[in-house]
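**Student:** Pasting the sequence and the predicted coordinates here, then a few questions.
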Amino acid sequence: MQGNGSSAGTAHHIHRTARVALSEAVRRGHVAKNVAEIAKAPQLEEEDIEPYSIQEVQGLLLEASKLRNSVRWVVALALGLRQGEALGLQWEDVDLDAGVCAHPQESASSEVPPWLRQFAVWQEGRLLPAA
């Protein structure tokens with residue numbers, strides 16, 4: 001599978017899915033043996049995450065400023081949110097007066113930097129960059 005260009009992560013996920021499905025088939029009596037338990041899953045290598053440089057962030061924000069949803073990029077970069085987390089933010093998650101933003105998936109809060117509070121305004125039912 002990896003010889004055809006698939007990553008070790010993809011092969012690992014497929015192996016795990018097949019193993020779980022075949023375990024259920026054994027439990028139900030459809031097959032006698034789970035052959036996926038015999039096969040070794042590919043080893044996953046931990047990759048170091050390299051943060052963006054200041055120049056890369058500035059370039060990203062410059063390009064994002066051309067989009068109508070540029071605030072999403074500012075928030076995501078400032079708070080370290082992934083795309084789904086940034087898109088999942090709701091007004092109930094943000095308290096600009098207290099300067100906190102509740103992480104959409106966790107109960108922990110992130111402090112909203114004061115400079116970020118000036119970037120967004122709610123206008124006509126949507127979040128817009130501050131003028």
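**Tutor:** It's in. It should be emphasised that the depicted structure is a prediction, and the values quoted were computed from it without experimental measurement.
**Student:** Excluding covalently adjacent residues, which one is nearest to the most centrally placed residue in the chain?
**Tutor:** Centroid check for the chain by C-alpha atoms, centre = their mean gives residue 82 as the closest residue, at 3.5 Å. The shortest distance from residue 82 to any residue that is not its chain neighbour, by C-beta to C-beta, 6 or more residues apart in numbering, is 7.4 Å, and that residue is residue 76. C-beta coordinates here come from the backbone N, C-alpha and C atoms, glycine included.
**Student:** where exactly do the strands run in the protein?
**Tutor:** Secondary structure of the chain, counting by DSSP state E: strands at 94-95, 100-102, 109-111, 120-123, 126-129.
**Student:** coming back round to it: can you tell me how far the residue nearest to the centre of the chain is from residue 59?
**Tutor:** When distance is defined by C-beta to C-beta, to the nearest Å, residue 82 is 20 Å away from residue 59.
**Student:** ok, now residue 38?
**Tutor:** From residue 38 across to residue 59, the span is 49 Å (C-beta to C-beta).
**Student:** And residue 31, by the same measure?
**Tutor:** Counting by C-beta to C-beta, the gap from residue 31 to residue 59 is 54 Å.
**Student:** now residue 8
**Tutor:** Between residue 8 and residue 59 the distance is 31 Å, computed by C-beta to C-beta.
**Student:** Wait, residue 74 touches residue 62, no?
**Tutor:** No - under the criterion of C-beta atoms under 8 Å, residue 74 makes no contact with residue 62, lying 11.5 Å away.
**Student:** between the two, which one's more packed in?
**Tutor:** The residue with the greater number of neighbours, taking residue 74 and residue 62 and applying other C-beta atoms under 10 Å, is residue 74; the counts read 19 against 10.
**Student:** how many neighbours does the nearest residue to residue 94 once chain neighbours are set aside have?
**Tutor:** With sequence-adjacent residues excluded and distances taken as C-beta to C-beta, 6+ apart, residue 94 is closest to residue 101, at 5.1 Å. The number of residues packed around residue 101, counting by other C-beta under 10 Å, is 21.
**Student:** Touching, residue 101 and residue 92? I think so.
**Tutor:** No - taking C-beta under 8 Å as the definition, residue 101 is not a contact partner of residue 92, at 10.7 Å.
**Student:** That concludes my questions; thank you for your assistance.
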